[in-house]
Structures are given as C-alpha cells and as structure tokens.
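> Fold the stuff below for me.
(chains A and B)
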Protein chains: 2
Amino acid sequence: MPTLPPGVAAREVTDPDVKRTYAADASPASSAPPSDYTVVRARDVADVVAVLEHAQANRTPVVPQGARTSRAGGAIATEGCIVLNVEALDAIIDVDPLEGYAVVGPGVVNAALKREVARAGLFYGPDPASWETCTIGGNVATNAGGLCCVKYGVTADWVKALQVVLPGGEVMRTGHRTAKGVAGYDLTGLVVGSEGTLGVVTEVLVRLAPAPDPALTALAVFASLDDAVAGIVALRRDSVRPSLLEILDRSSVRAVQAYGDYGFPNDCEAVLLVQSDRPGHAGEDVARYADLMAGAGATEVAVADDAQEADALLEGRRVMSTAFEALGARLAEDVCVPVARLADFIRGVETIAARHGVLIPVSGHGGDGNLHPSIVHPYDDPDALARAWLAFDEVLRLGLDVGGTITGEHGVGSLKVPWLRLELGADELDRQRRLKAVFDPLGIMNPGTVFERPR
Amino acid sequence: MPTLPPGVAAREVTDPDVKRTYAADASPASSAPPSDYTVVRARDVADVVAVLEHAQANRTPVVPQGARTSRAGGAIATEGCIVLNVEALDAIIDVDPLEGYAVVGPGVVNAALKREVARAGLFYGPDPASWETCTIGGNVATNAGGLCCVKYGVTADWVKALQVVLPGGEVMRTGHRTAKGVAGYDLTGLVVGSEGTLGVVTEVLVRLAPAPDPALTALAVFASLDDAVAGIVALRRDSVRPSLLEILDRSSVRAVQAYGDYGFPNDCEAVLLVQSDRPGHAGEDVARYADLMAGAGATEVAVADDAQEADALLEGRRVMSTAFEALGARLAEDVCVPVARLADFIRGVETIAARHGVLIPVSGHGGDGNLHPSIVHPYDDPDALARAWLAFDEVLRLGLDVGGTITGEHGVGSLKVPWLRLELGADELDRQRRLKAVFDPLGIMNPGTVFERPR
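The predicted model follows:
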C-alpha cells in the first residue's frame, strides 16, 4: 500500500491490537481483518481531504467509519483499504435556537446532540437504539431511524445541509441553512443513506424542533397476534400520533421472560408498548391509547402515569437484546412491511424458524411496520449458523413478498448486497452505480457496500 | 419537427389559439410563443412513454407541464420543443388510511387531493398559494411550499415514492410504500425539485397525516418592523409551532389599503398573521400568540375565535395579489433568508425600490424567512420594466448577501438561471449537470430550466 502523506501519517493507528478494533463493526459480516489495511483517525477536515486526495491518486479504497455500530457491515475494513475514522470530528459547532438548527461534526454521538439541544429547550428527533454510542455521521450514512420514527420520521427528515469531502479531496457543500430552499438538486437527500459510497461527511446541519414532554407509556398484552395488529391499526388512526409504538411477538416475550420475570404472561402472543410525549397532554393520550388497545382485544393493559413508571414498563423491551444474547448468537434483520401485513409477516417468520430449527423472535417498531427479526443460533455451532443464514435469506424474501423492503433503517451495508439486487433489480442498480460515479468515478468509496465489489 | 408517432398524434393540440395557451406559464419569463413547437396532452402513462421514446430518438426537447402556475418560467415552450402536458393524468388512484398514503396522478390539483383525503379524516400538508389550481406534479417539480410550511414542511417532506418516465421511455420507480425504507439511494428526493429536467413524473405517492382542526387566527399590527420581527422570533420559540406565520411589510399594507379598507392603519410598518390548527387547542394557542405579539410591541392585536372570524382576518392577506395587480405588472421574487436577517432584508429591499423608482411590497412566509418581494411597475412602460429587472437582480443579490437563497419554493425555472450560478458556483452546477446526464444523457429534458441552455 502506498505510504500515507506526511501530515496524515501521524494519524495512523499502528498498534496491532488497537488497529484490529477498527476493522470490524457490530454486524455478523465482521470476521477476521484483511491482511493489508491502514487505519487513519482523522482529527479535522484537512485530514479527511488529505486522505481522499491520496486515495484518489493511488486508487486506494476508503472505508469511512464512525462508532462502528453498523448492523449491516457498512464500516468493515476490506483488503488494501484505508479505514478513515472520523469519530474525533466530534464538535457541536453551533446550536441556533432562533433559526432552529445545529451544526455538528460527524463524530458527535446522537445522545450528546440530543442532550446539548435539550439545554436550549430543543429537540433532535432520530433515536436509533444505539443512540448512546452511535454517531450522527453514521446516522446520516444509513439514514438511521429509531423508536420515535412513527411520530418524528427518520434522519433524512432532520438533515438540511452537509459538508462532504469527495474522492480527490474536493469539499462539497449541499443544502441550505434557511428554513426553505429549492435552488438546484437536493444532494443532501442523496448523500443521506448513501452509506459512505459517495464521499465522507464532515459536517452536518440538522433542524431542531421545540422539545416535547417526557414520554408516558401504556403497555398491553394480547392473547392473539391479530388483536395486537388491530391495536396498532387503532393507534395509527388516533388523531394524536404516538411517539413510540413497539411490538414484541410471542417468541420475544418468551426470551425476555426466560431472562427474568418482567411480568409478561408466557402464553401471550404479543405485547405492545406505546408512548405519547405531547406537551401537556401525554397522560390523557396514553389513557386513550390504553382504551384503544383494550378495545382491540388486549387481555391486560397497564398505564404509567409518571416518567419513572413509564421507564419501568419499558424494562422488558430494554433487556430484550441481552435476553437474546443469553440464548445464542444472532443475525439481526431490519425488514419494513406494510402495517396491514404485519401479522402475515410475523406468522411467516414463525414458519421459517420452525423449518430451519432456529429461534427468530420478532420485535421492533410495529407502528411503522419496521420489524427486527433476530435469528438466534447457538454459539460455535457451524451447522446452526448455516441454517440461520438460510432463514435470513427466507425472511428477507418474505419481507419483499408482502410488499416490504429488506432494510427499514440499518442500511444495505456489505451484508445485504445480494438482496438489494432482488429488491431493486439490475437496471436500477446500474443507474445508481452511474450516479455514484458522478461523485466517485474510480469507485474507491466503500467498495462492496450497497453495490457488489467491482471485479 | 419530426412527425409524432401515430398513437400520440391524436393527443396533439392543433387549434392555434388553444395551443398558444400551453406555451406560457404564470411567470414574467413568458413572452411570445416560439415559431416551432408541438403541444401534446397526454392521457395516460403510455402517452408519456411514447413521447419520450420519440423525443429521445429525435433529440427533441421536451417541456413537461401541468397547470402552468409556475412563477419562475419552468414550463414555457421553447423553440422546437414538445410541450408535454400531463394535466389529464388526474386520477386519485388510491387513498390508504391504514398505511397513511395516497397515490395520485401528477395532474391532480392540490386542493382536490386535500379535499379527498379530508373525507377520510386525513391531511396532506403542502398548500401553495395557488393550491386551488396548481397540480401535484408541478408541486413535485418545484418542491413547492406554501403557507403551512412553518409547521408542516415542503412537498419533499410528504412525497415518498414516484413513478417517472425517463428520456427514451424507461419507467423508473423510486422510493417505497412502507413507512421506512433505506434500500439504495434516495432518488425520490432527487426528482422532487428537479423541475422537469430529469424526466416526467407520472405517479406520486404522498404520505398523509391525521387531520388537524380548522385553523384559528391572530393578527397583529406593528409600528416598528423590528418589533414585528421580534414577534416572529417569539412565536418561533413557542413550544407549539404555528401552522401559519405571515408578514406584510409597510408597502404591502399600503397597497392593500389602497385597494379597499381592510382595517390596517396606513402608518404601520408591518402586520403579522398567525394561526394554530392544533386539535382541541387552537383557541388557547392563538390567544397565547396574541399575547406574545403584544409583548413584542404590537400596537393592535385581534384574535379570531371561530373559523368565520379567522377567515375575515385573512381577507387583507387574500386580496394582496389583486391589490398589487391594480397598481401595475409585477416580477414576483421568492427569496428565503435567515429569520434573524428578516428586518435587514426588508429594509434593504426598501432601499433598492427607492433607488430604482419602483414599488416593492414584501410579504410572505415570515415564520420561515421565505419572502415574496413583488416588484410592481406600471403596465406598458418599457423603461419602468427595465428598472424593475435591475431591482430584481439586486433583490436576489441582497438575499444571497444576508445568507439566503434565490428561491425558497418557486424554483429556478428559466427565470433565475443566471442567479443560480451566483448561488451555487460553476463547479457545483457542473456536478449537477453530470447528475442530470445520468437520467437525460442527450439533455432533452426542459433545456434552459435550472441550467443554461447548452450551446
């Protein structure tokens, strides 16, 4: 690999143990690091420019990277690449309450931004489950969602302008700081969700909203999955959109109860959790939501009247990941389906799980139809892992069959490249490759992510 | 011009008087029709495909067009072009209350969509001033805004998926029907606001929200422009975002009062109109908004307690266009500036108006900083028109100088092409031209709009 330019060489991570931690992300696509790769921890935009000048001149692949919380393998070192980590670009540069925006580095942790703007009575919406560790740059790369999307939308709904360094080192600015602006094409929207395949995001301007109230919660237990979905439908039709609407299927509830007693009956088919954060009215909203769920056939309903109780009701949801990990390793899915097909999808996943002898609890953002089937398989059992991958394939195909998408919020990464072709078709992928080439003519940006690696 | 293919020839408008009406739009860029052009009124997607096959094969420019309400000259016949009107693709194909979306043809009038979804208790946000006549296809083309943007955002915030016919006749589908989806690049966002330069939109999927309450209104009169801007700032900081926040400057108020007595004092410097449509709480909101405006220094405040009164308070705003037209012809601007610079911008426009001896009332969506200076000049006075264009140039430059954009919601069209170069720079325009070429390699789509006409 060509020697890094002098200014950037000082940013290289050389300690082999430390270096190895930058080779992987939180996805099952991570395996042993490649034999040849370089890790650079950029300190500022000038470092990013220097790396992208160098990489373009030497046709070296670049893998942009933040906190490596990707569940789709979007930030994994590949053979001969420079891993360009931008976690250190973590300044909250400006919070402007009057214009209603914040300007931040890509390395700012989602939770840090939320806390900082809350001090000014403001609110940044997107809240991926990893919000305490994931970065805004990664959120932009994947167009990350979270639990609040049912009311507040996804990252793209909050990003108004970007600074992006392109291969060769050109600094591109997209979007606008004003509340509105339609001068030229919307390149901000094109970069959001592009998973590091166009350039490296070095500054993000997000809009802010007035802060909502602390959320209150209602929880309902259903003996029938169809009743639970009827509950979701009723809640979606309420004139006040819930700020959170999560579902746990039978298998998720059992996994949680196997981990500890969180008060769920073992024979239930589904649990719904719903919140309101409407200023001054969260209490009346969750009481009404509880009635709606009871009307849909819930066998038990609990309402939390204060923030502490609301927190307690979420406890079972919160331990879910740990409960799954107690049962085995897992492949995390991220299918989004029409709300009308939720029950069909969950039952189909049960059939797939039975056929392959794996456990697939399904949970997630029921209000959006965005579910996270977790394909759980025993640790260190290659046969079970092989069956898990077969199930993974079938779950994605089932999602497409019911009118859904292979990824609601995690991104395609390197993990789902073959299935993206199923979803979009070869012609559309070709078009998107040509779009990529406008920004990255040599194809050095995150090769093997979103698109197949060029041969 | 090559003969149209047989299937489409039947859709050609041949009556010269009728044909001429399709050559122009609502902008001052409209003048005499070109000597050679063809007008086709498509009836369905197949017609659009046939025209774009034919046009690509013959390198014939295509000008896509709906209701021709463009204020920026985005839908004007050019020499040798086919004007492809899609107003007749006006079916509301599907309204799905459960998934929360509607699927419509591009020819559906904005108000027709709003009314149809209201029957299902649902709401489509964007409301351009021309909402009773403008079409969803045109709204998509320009990423249109409106009066409600301060709370509900712009067209791009509501469009989730598109069907677009590309040059050559390929039918492209973008986006997703599910609530979330991040599989591949966001081409929906790229097409929204692309002003017919990439392809012809033939189907639009928009998200819907629960219907708000009918809006109530507060109106305040200010003796000082700075106080009025302080009022906007206070209203933006309220925890409940107004659903409308309009400003009329001194010159706008005088023009309205010259037209009829709408109760405004002639010596005031500005009027603010603010609304809330919050379900169950609009009355308390507008009462609080009135207090906020009084606190900012309003000399008179009126609050409408019911929909009829609310309507009456808006009467002065509503006659504004007619009032301006009584004074002369006008060039309509669409600058969006930071809220903090509103007063600087309005005062700067007053200076420009005085320097060129033209009248420039400034009004518009103060809550967004999106103002519409109207450069009014006597009818049939070439010298005044020339001075108006000088003022037009200076107003756009002033908008850029205070950190704004040349277009908040009308688009670049053919009218503002030279100023787009000022705003984006030559490098960015070159990049955007290369993006266009991915969809339109021969450059036949709406040439002379957004980008300079190729030589």
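
> where does the closest residue to chain B within the stretch 101-250 of chain A fall, phi/psi-wise?
Closest contact between the stretch 101-250 of chain A and chain B, by CB to the nearest CB, is at A:G189 (3.0 Å). Using the backbone N, CA and C atoms, a C-beta is placed for each residue, glycine as well. The phi/psi pair for A:G189 (degrees, to the nearest 10) reads phi -60, psi -30.

> Now the lengthiest helix in chain A: average pLDDT?
Secondary structure of chain A per DSSP state H: the longest helix is helix A:382-401. Averaging pLDDT along helix A:382-401 yields 97.

> Show me what counts as buried in the worst-scoring helix or strand of chain A on mean pLDDT.
Lowest by mean pLDDT, DSSP states H and E among the helices and strands of chain A is helix A:307-313, with a mean of 82. Neighbour counts over helix A:307-313 (16 or more other CB atoms under 10 Å in any protein chain shown) mark A:310, A:312-313 as buried.

> now stretch A:216-224
Neighbour-count burial for stretch A:216-224 flags A:216-222, A:224 (criterion: 16+ other CB under 10 Å).

> restrict the residues you listed to those near chain B?
Contacts with chain B are made by none of the buried residues of stretch A:216-224, judged by CB under 8 Å from any CB of the partner chain.

> Let me have those residues in CSV, extended by secondary structure.
Below are the buried residues of stretch A:216-224 laid out as CSV (DSSP: H, G, I helix; E, B strand; the rest coil):
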residue, secondary structure
A:L216, strand
A:T217, strand
A:A218, strand
A:L219, strand
A:A220, strand
A:V221, strand
A:F222, strand
A:S224, coil
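
> Can you redo the residues you listed as JSON lines, where the extra columns are pLDDT and distance to B:R318?
Converted to JSON lines, the buried residues of stretch A:216-224 look like this (pLDDT from 0 to 100; distance: CB to CB, whole Å):
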{"residue": "A:L216", "pLDDT": "95", "distance to B:R318": "41"}
{"residue": "A:T217", "pLDDT": "95", "distance to B:R318": "45"}
{"residue": "A:A218", "pLDDT": "96", "distance to B:R318": "44"}
{"residue": "A:L219", "pLDDT": "96", "distance to B:R318": "49"}
{"residue": "A:A220", "pLDDT": "97", "distance to B:R318": "47"}
{"residue": "A:V221", "pLDDT": "97", "distance to B:R318": "53"}
{"residue": "A:F222", "pLDDT": "98", "distance to B:R318": "51"}
{"residue": "A:S224", "pLDDT": "97", "distance to B:R318": "53"}
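
> Show me the strands in the stretch 201-350 of chain A, by range?
With DSSP state E, counting those that start in this stretch, the ranges of strands along the stretch 201-350 of chain A come out as A:209-210, A:216-222, A:244-249, A:270-276, A:300-303, A:329-332, A:335-336.

> Can you add distance to A:A255 and give those back as JSON lines?
As requested, these are exported to JSON lines (distance: least, CB to CB, whole Å):
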{"stretch": "strand A:209-210", "distance to A:A255": "35"}
{"stretch": "strand A:216-222", "distance to A:A255": "16"}
{"stretch": "strand A:244-249", "distance to A:A255": "9"}
{"stretch": "strand A:270-276", "distance to A:A255": "12"}
{"stretch": "strand A:300-303", "distance to A:A255": "19"}
{"stretch": "strand A:329-332", "distance to A:A255": "10"}
{"stretch": "strand A:335-336", "distance to A:A255": "19"}
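
> right, is the longest helix of chain A up against chain B?
No - judged by CB under 8 Å from any CB, helix A:382-401 makes no contact with chain B; its nearest approach is 9.4 Å.

> Skip the chain neighbours and tell me the closest residue to A:L122.
Spatial nearest neighbour of A:L122, excluding adjacent residues (CB to CB, 6 or more residues apart in numbering or on different chains): A:L208 at 4.2 Å.

> what residues are up against the residue lying closest to the residue of the stretch 101-250 of chain A closest to chain B once chain neighbours are set aside?
Spatial nearest neighbour of A:G189, excluding adjacent residues (CB to CB, 6+ apart): B:G189 at 3.0 Å. Listed by CB atoms under 8 Å, 6 or more residues apart in numbering or on different chains, the contact partners of B:G189 are A:156, A:186, A:189-190, B:156.

> Nearest to B:T202, out of these: which one, please.
Using CB to CB, B:A156 comes nearest to B:T202 of the contacts of B:G189, at 18.3 Å.

> With just CA atoms, put the longest helix of chain A into PDB.
This file holds the C-alpha atoms of helix A:382-401, laid out as PDB (Å, rounded to 0.1, in the frame of the first residue of the first chain):
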ATOM      1  CA  PRO A 382     -21.400 -24.100  12.300                       C
ATOM      2  CA  ASP A 383     -24.400 -26.200  11.300                       C
ATOM      3  CA  ALA A 384     -26.800 -24.000  13.200                       C
ATOM      4  CA  LEU A 385     -25.100 -20.900  11.700                       C
ATOM      5  CA  ALA A 386     -25.700 -22.300   8.200                       C
ATOM      6  CA  ARG A 387     -29.300 -22.900   9.000                       C
ATOM      7  CA  ALA A 388     -29.500 -19.300  10.400                       C
ATOM      8  CA  TRP A 389     -28.300 -17.900   7.100                       C
ATOM      9  CA  LEU A 390     -30.900 -19.900   5.200                       C
ATOM     10  CA  ALA A 391     -33.500 -18.500   7.400                       C
ATOM     11  CA  PHE A 392     -32.000 -15.000   6.900                       C
ATOM     12  CA  ASP A 393     -32.500 -15.300   3.200                       C
ATOM     13  CA  GLU A 394     -36.000 -16.500   3.500                       C
ATOM     14  CA  VAL A 395     -37.000 -13.800   6.000                       C
ATOM     15  CA  LEU A 396     -35.800 -11.100   3.600                       C
ATOM     16  CA  ARG A 397     -37.600 -12.700   0.700                       C
ATOM     17  CA  LEU A 398     -40.800 -12.900   2.800                       C
ATOM     18  CA  GLY A 399     -40.400  -9.200   3.600                       C
ATOM     19  CA  LEU A 400     -40.300  -8.500  -0.200                       C
ATOM     20  CA  ASP A 401     -43.200 -10.800  -0.900                       C
END
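
> Having no further points to raise, I will conclude here.
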